[in-house]
Structure formats: structure tokens, C-alpha cells
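**Q** sequence-free structure coming up:
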Ligand code: ADP
Ligand code: MG
């Protein structure tokens, strides 16, 4: 299961040079500001655009190789594509839309696998409808179904949620999580919403001005403070794997464990032992020299300052060690806090100091992950 891409292409003012590979199933986020070349890359992989130079290999199969004059037609590439606007055929029923790619596929899903996909996406009751009678969220689920029924080897999602309001986004996100956790498909997910990336992605490729600027695991990338200048959209933060331990008697909050620390977050409705992923934005983390008494924040975590870095504007990014990673255990997890330079000076913060990270429960996003990552 892999995609390797190394292409150059000039289009309008954009001088694209994209080079990265995806070796695993799971979601790789392609992140970058508008105009950075994300859709151009997706179109090149899908075969809707022929790059000037380079090659694209999907599972050891060159689908494009400029030097070897290989340029497979889109339908030969076994790529599923979900556009930002669902692009369903308006004159066809939902069912006909769903089976459009299936009928034309050289290796379509079996009928029972199709039924499973339709059930998984919760669109079984919509089959006889026309697309114009669907909500935006339903359209995107049908569009996902259409891509999956053609039995693709990889799935390309180009900002599939960006045209939807928050309620519709929340309706689709669990389906994407389920897809990620049950279909062993590499998924390239274009987004410029850091919350979506933190929730869904395993790997992240950051684009700027047509270039692949950085790539790595979502855990490492979200803590990168050097990516901040990217149009102000890169909201530095921390993604942590955690385990549900218990809840309060009224099920108002969940108690989680991560790196030997207890986190209190709004109730997640998950059973004890469930694995979840937490996303904590750096700007939501306060620092205290002493544990503050009489405070509503539920998370007051003992940490140590590992690093202090300046960034654009008068703010500092403070890297905090969570747990002290003694001996042979795993390296300590880090937590990122963004505070003003003024408050850092007022508290006389310095590397090596033991401080408390103070985090309000309601600022922490918790999402289920079957693998806990
Ligand atoms: P993104 O998806 O990251 O927003 P795109 O890949 O759509 O970026 O486009 C990146 C840039 O490529 C655009 O800002 C524009 O300069 C150029 N571009 C893309 N498509 C065309 C086109 N059809 N004609 C001229 N320029 C284009
Ligand atoms: Mg785009």
C-alpha cells in the first residue's frame, strides 16, 4: 500500500514541485494555504492533469512517468476522488450515482461489499432520490460511496467538508473516522482546517507556494512552531494518545490517562479502556509557577519547560515535558503552550523550570481512535 509522487508542473503563477510518499494505510493530510497547489497535486494523482515532469507510482504501478511516456487514463488508476463540491450527476438517482464508477471499474466491489459501504455511510434510505433533494452532508456521503464502490486502491479527498456548515461537518466526520479505521486504504486528505487534521490524520504533508515544505507524523507536525507563519492558519498544538479511565458519577466529564498524567475532558461517552486522541491548542494552555488553588480549570498538570521559542508577533511557544520519561520508558510526551512574551517575562520562565500547565476541559477535543493513535 503506497503512493510515491515526485512531480514538477507550471500552471499559471504556480511552480509546483511536489515530492512525497505515503507508505501506510490511514490518512495523510495535505495541508497548506489556499493556492499552495494541493488540488493540482490531487488532480495529477487522479490523472486529471498531466504534470510537466516526474512520476507517480501507486502500489508499485507507475500511473504516470514522463520519461517512460506512461500516463494512465483516470479510470485505469484505481483512484477514488471526492471533490469539495460533491459533483453528483443531477439527472441520475443516488443509486445510479453510487454505481457509476462501480459499473466502469475493472475490479468492482462485490455486491455484498457494496451493501456494506452503503450501510456504513448510512445512505441506504436515499437510493431513489435525486441529488438536488439531498443535504450537503448527504451529498458528500453519496460522493464518498461512489468513490468507494469503484474499489479504489487509494482515496483522494479534496477539502470534502469545507463547503459544509459545522453541523454537517460533525455529521460526516464519524464516517471518515470509520472509513479510516476499517478500510485499509491510504487516504490523501486535503484540508486547511487544523482541527480536522488533528482529529483525522496520521501523517501530514505541509505545502507552501507549490513546494512540499515539511512532512511527518501528525504528533510531530502539530507541535512544529516554525510552520506558524503559513498564512496564520497553522495553529500550533499538541495531539496526544490517551486512554479512558473512568467518568464522574453524573457523566459530565471523562477521566483519561496519558503519559502518567490524568486529563479531565468533557464526557466522551466511551467505555473505560477506550483509546482516544486529544487535541490541545497551544493558545489554550496557561502556565503557572505554582498550582493555582480555587480555579475552574480541571487540568493542572506538573510539567517541565523543555524549550522556549519566539515566533512572529510578541508570543512565545513553550514546550513542556509531560512526565519525566525516566530510564528505559518511552520518551516524555510534550505539550505546547503559546503565551505572550510579556507574561513569560513576568513569570521569569526559563528552560528547566518545573511549572504547571493549566488547561480548561472544554478547550480539549477528544476523539475516538481504534488504534489509540
Ligand atoms: P490549492 O488547492 O492549494 O488552493 P491549487 O492547486 O488549486 O491550490 O492552485 C494553486 C495555484 O495554481 C493557483 O493559485 C493558481 O496560481 C494556479 N492555477 C491552478 N489552476 C490554474 C489554472 N487552471 N489556470 C491558471 N492558474 C492555475
Ligand atoms: Mg484546492
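**A** All right, it came through fine. These numbers come from a predicted model, not from an experiment. Numbers count the residues shown, from 1 in each chain. Ligands and ions are numbered 1, 2, ... in the order given.
**Q** now the residue of the stretch 1-150 of the chain found nearest ligand 2: closest residue in space that isn't a chain neighbour?
**A** Closest approach between the stretch 1-150 of the chain and ligand 2, counting by CB to the ion: residue 39, at 3.2 Å. Yep, even glycine has a C-beta here, placed from its N, CA and C like the rest. Nearest non-adjacent residue to residue 39, counting by CB to CB, 6 or more residues apart in numbering: residue 158, 5.7 Å away.
**Q** against residue 289, how distant is the one you found?
**A** Look at residue 158 and residue 289: by CB to CB, to the nearest Å, they are 47 Å apart.
**Q** cool, residue 237 as well?
**A** 23 Å.
**Q** which of these two has more neighbours?
**A** residue 237 (24 against 12; other CB atoms under 10 Å).
**Q** and that one, bridged to which residues?
**A** Beta-bridge partners of residue 237, counted by DSSP bridges, are residue 281.
**Q** hang on, isn't it packed against residue 197?
**A** No: counting by CB atoms under 8 Å, residue 237 stays clear of residue 197, with 10.2 Å between them.
**Q** any shared contact partners between the two?
**A** Common neighbours of residue 237 and residue 197, counting by CB atoms under 8 Å, 6 or more residues apart in numbering, are residue 222.
**Q** that older thread, A strand includes the residue of the stretch 1-150 of the chain closest to ligand 2, no?
**A** No: counting by DSSP: H, G, I helix; E, B strand; the rest coil, residue 39 is not part of a strand but helix.
**Q** report how many residues lie close to it.
**A** Using other CB under 10 Å, residue 39 is surrounded by 19 other residues.
**Q** quick one: it from ligand 1, how far?
**A** Distance, residue 39 to ligand 1, by CB to the nearest ligand atom, to the nearest Å: 3 Å.
**Q** with residue 43 instead?
**A** Using CB to the nearest ligand atom, residue 43 is found at 7 Å from ligand 1.
**Q** could you check how far stretch 307-319 is from the centre of its chain?
**A** The chain centroid and the centroid of stretch 307-319 are separated by 24 Å under CA atoms, centre = their mean, to the nearest Å.
**Q** what comes up buried for it?
**A** For stretch 307-319, a neighbour-count test (16 or more other CB atoms under 10 Å) marks 308, 315, 316, 317, 318, 319 as buried.
**Q** now swap in stretch 265-277 and tell me
**A** Within stretch 265-277, the residues that count as buried by 16+ other CB under 10 Å are 265, 268, 270, 274, 275, 276, 277.
**Q** what about those residues, which are in strands?
**A** In this view, the buried residues of stretch 265-277 that belong to strands under DSSP state E are 265, 275, 276, 277.
**Q** name the nearest of those residues relative to residue 23.
**A** Among those, residue 277 lies closest to residue 23 (CB to CB), at 20.8 Å.
**Q** what about the nearest residue to the closest one once chain neighbours are set aside, how many residues nearby?
**A** Computed as CB to CB, 6+ apart, the closest residue to residue 277 that is not its neighbour in sequence is residue 369, at 4.8 Å. Applying other CB under 10 Å, we find 19 residues neighbouring residue 369.
**Q** doesn't residue 275 make contact with residue 369?
**A** Yes: in this structure residue 369 lies within contact range of residue 275 using CB under 8 Å: 5.4 Å.
**Q** ok now the strand or helix carrying residue 342, how far from the chain's centre?
**A** Residue 342 belongs to helix 341-346 when elements are defined using DSSP states H and E. Helix 341-346 has its C-alpha centroid displaced from the chain centroid by 33 Å (CA atoms, centre = their mean).
**Q** next: stretch 61-77.
**A** Centroid separation for stretch 61-77 versus its chain: 28 Å, with CA atoms, centre = their mean.
**Q** run through who's touching that stretch.
**A** 7, 44-48, 50-58, 79, 101, 104-106.
**Q** now, these that are in strands?
**A** Within the contacts of stretch 61-77, residues falling in strands by DSSP E are 7, 53, 54, 55, 56, 57, 58, 79.
**Q** and the third one, how far from residue 133?
**A** It stands for residue 54. 43 Å.
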